[in-house]
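In: Pasted the sequence and its predicted model underneath.
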Amino acid sequence: MILHNSGKEKSDELEKHIEFTSSSREKFLSDLTRCLENQNDRKKSVGAILLKIFSLRDINHTFGYREGDAFLYRLAGNLRKILKPDDLIFRASENEFLIALSGIMNEGHAILAATKLGKLFEKPVPIADRFINIKSAMGIALFPEHARTAEELLKKSSIALHEAIMEGNSYAVWFDKQEKLSDTSSLVIESHLKDAIEHNELEMQYQPKLDIRDDMIFGVEALVRWSHKELGSISPDYFVAVAEKSDLIDELTASIINTTLKESRKWLNITTSLSISINLSTINLLDETLVDIIQRAINVWDIDPNRLIFEVTESAMMTNPEQSLHILSKINSLGAHCSIDDFGTGYSSLVYLKKLPVTELKIDKSFIQNMPDDASDRMIANSIIDLAHNFNLSVTAEGVESEIILRELKEMNCDNAQGFYIGRPMLNTKLNEWLQNTHWKVRNPVNR
């Protein structure tokens with residue numbers, strides 16, 4: 001891609017940051033294909049963020065290409081400061097850039113990176129002798145989860161970009177909808193979800209958590225599930241996202257918390273101290289009403305708040321760290337606990353870990369499941385455990401599916417484990433039966 005009269009020095013500097021492909025679509029896709037082929041770790045993904053800058057043509061036409069290229073030079077340097085060394089930036093068109101995030105674990109990590117990129121455009125930028133507001137939007141897709149080829153990845157990130165533009169959002173993510181949902185609009189799903197909440201059609205399943213140090217079940221994680229009579233089973237990732245984009249997220253959160261606390265009353269006949277972990281969404285952390293929802297549920301169901309653990313993903317927490325700190329502190333003041341899920345993305349700052357009122361870090365299952373065969377995963381898990389203990393936090397490892405993994409975690413001094421080897425997610429009625437018959441010990445049993 002040719003720069004316009006900005007001088008060879010700046011051109012060379014810019015090319016250190018951005019892969020300037022030729023104007024042909026074939027050359028761009030060829031370069032992107034090589035990037036995808038170089039993703040050697042098949043357990044991880046490549047996140048594609050298609051960044052569109054709306055004002056670039058106006059800058060070129062108003063102030064000249066020299067100023068336009070100077071803006072791109074500064075932007076490229078700022079992008080490179082945010083990204084990891086292995087991440088690549090391609091210029092896809094005159095005003096679009098494709099950012100390839102290598103070795104990410106899930107969609108949340110790509111969203112976190114997009115959030116950080118979006119902050120570059122929050123304040124006016126200097127152009128010539130003025131400060132100009134630059135508007136941008138991003139579309140996110142993942143390889144290989146959403147696409148198997150470079151062309152398909154570009155197409156799906158383009159569709160996501162279009163969705164972000166149409167909805168007036170800073171970014172949007174490609175949703176790999178289930179076949180039954182492919183012809184169903186989000187408005188229809190929103191309507192069905194509202195009915196499901198009002199008629200108590202959502203189900204909660206509970207997955208046991210084991211204290212590795214004494215092989216004792218001490219808690220459960222609550223997981224929301226929705227099976228529609230016509231659409232079938234709908235992924236929580238999908239319907240929670242629909243709720244976040246509508247006005248339903250408060251109703252959904254209240255339903256999950258109240259159903260969980262109501263059903264937990266039955267466990268008191270089996271154990272007096274089972275902890276309850278409940279997941280919160282990104283939008284929850286931006287909403288002051290969350291604390292009132294929790295407080296009312298505690299009062300209604302007469303639950304000791306010390307038994308409650310509210311889980312937030314690292315990416316959700318870092319979307320707005322200061323607001324997250326504020327909300328989590330208020331939850332903590334109720335007597336409940338907070339936990340960071342999916343810890344270890346590499347994008348967050350330890351400064352916030354020091355400040356946050358959390359008691360637990362959860363290691364994502366992607367690091368745990370292959371530990372017996374992957375020395376790198378063992379090293380990552382061990383490092384997170386040591387880090388957490390240095391901050392006086394407990395550690396829960398997710399995805400424990402074998403005795404070998406459990407034994408390795410015990411040797412690492414990991415505190416807790418969760419996974420199919422311990423127990424699968426189950427309905428409340430099944431959990432009651434499981435707690436009374438499991439070979440694991442149960443903490444503070446009643447008449448057992």
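Out: Cool, the structure landed.
In: any idea which residue sits dead centre in this structure?
Out: For the chain, the residue sitting closest to the mean C-alpha position, by C-alpha atoms, centre = their mean, is Gly108 at 2.7 Å.
In: hang on, Ile197 in a helix?
Out: Yes. Assessed with DSSP: H, G, I helix; E, B strand; the rest coil, Ile197 lies in a helix.
In: For it, give me its contacts.
Out: Contacts for Ile197 (C-beta atoms under 8 Å, 6 or more residues apart in numbering) come out as Leu248, Glu251, Leu252, Ser255. Every residue, glycine included, has its C-beta placed from N, CA and C.
In: So Ser277 is in contact with Glu221, correct?
Out: Yes. Applying C-beta atoms under 8 Å, one finds Ser277 in contact with Glu221, separated by 4.1 Å.
In: what is in contact with those two at once?
Out: Residues touching both Ser277 and Glu221 by C-beta under 8 Å, 6+ apart: Lys209, Glu311.
In: hmm, back to that, most neighbours among the contacts of Ile197, please name it.
Out: Leu252 (25 neighbours; other C-beta atoms under 10 Å).
In: what helix or strand does that residue sit in?
Out: helix 249-264 (DSSP states H and E).
In: Of all the residues in that helix, which ones are buried?
Out: Using 16 or more other C-beta atoms under 10 Å as the test for burial, helix 249-264 gives 249-261, 263-264.
In: Which neighbouring elements make contact with that helix?
Out: Applying 3 or more C-beta pairs under 8 Å, 6 or more residues apart in numbering; DSSP states H and E, one finds that helix 249-264 contacts helix 186-198, strand 203-211, strand 216-228, helix 236-245, strand 275-279, helix 289-301.
In: Mind listing what's buried along the first one?
Out: Right, the one you point to is helix 186-198. Across helix 186-198, burial judged by 16+ other C-beta under 10 Å covers Ser186, Ile189, Glu190, His192, Leu193, Lys194, Ala196, Ile197.
In: Let me see the contact set for the fourth one.
Out: It stands for His192. So His192 contacts His228, Leu231 (C-beta under 8 Å, 6+ apart).
In: Now do the helix holding Leu252 against helix 289-301: the angle between them, please.
Out: Relative orientation of helix 249-264 and helix 289-301, computed by axes from the mean of the first three to the mean of the last three C-alpha atoms, to 10 degrees: 30 degrees.
In: Give me the secondary structure label for the residue nearest to the centre of the chain.
Out: Assignment for Gly108 (three-state DSSP): helix.
In: just checking, it touches Val312?
Out: No. Look at Gly108 against Val312 with C-beta under 8 Å: they stay out of range, at 10.8 Å.
In: Quick check: phi and psi on Asn390?
Out: Note on Asn390: its backbone torsions stand at phi -70, psi -30 [degrees, to the nearest 10].
In: how much space between it and Glu203?
Out: Note on Asn390: its distance to Glu203, by C-beta to C-beta, to the nearest Å, is 39 Å.
In: Looking at those two, which one has more neighbours?
Out: A side-by-side neighbour count of Asn390 and Glu203, using other C-beta under 10 Å, places Glu203 first with 14 against 8.
In: Tell me which residues touch the more buried one, please.
Out: Val224, Arg225, Trp226, Ser227, Leu427.
In: run the last query once more with 7 Å
Out: Counting by C-beta atoms under 7 Å, 6 or more residues apart in numbering, Glu203 touches Arg225, Leu427.
In: Ok, Lys245 next?
Out: So Lys245 contacts Ser186 (C-beta under 7 Å, 6+ apart).
In: Thr396 pairs with what?
Out: For Thr396, the beta-bridge partners under DSSP bridges are Lys362, Asn416.
In: from what I can see it touches Leu409, true?
Out: No. Applying C-beta atoms under 7 Å, one finds Thr396 not in contact with Leu409, separated by 9.9 Å.
In: what touches both of these two?
Out: Joint contacts of Thr396 and Leu409 (C-beta under 7 Å, 6+ apart) are Ala417.
In: and those two? which has more neighbours close in?
Out: Using other C-beta under 10 Å as the criterion, Thr396 and Leu409 rank with Thr396 on top: 28 against 25.
In: mind listing what that one touches?
Out: By C-beta under 7 Å, 6+ apart, the contact list for Thr396 reads Lys209, Glu360, Lys362, Asp415, Asn416, Ala417, Gln418.
In: Tell me, how many residues neighbour the second one?
Out: The burial metric for Glu360, expressed as a neighbour count using other C-beta under 10 Å, is 22.
In: distance of it from Gln295?
Out: 21 Å.
In: so which of the helices and strands packed on helix 249-264 comes closest to Asn133?
Out: helix 236-245 (25.0 Å; C-beta to C-beta).
In: for that closest one, which positions count as buried?
Out: When burial is assessed from 16+ other C-beta under 10 Å, helix 236-245 yields the following buried residues: Tyr238, Phe239, Val240, Ala241, Val242, Ala243.
In: Quick one: distance of the helix holding Leu252 to the chain centre.
Out: 21 Å (C-alpha atoms, centre = their mean, to the nearest Å).
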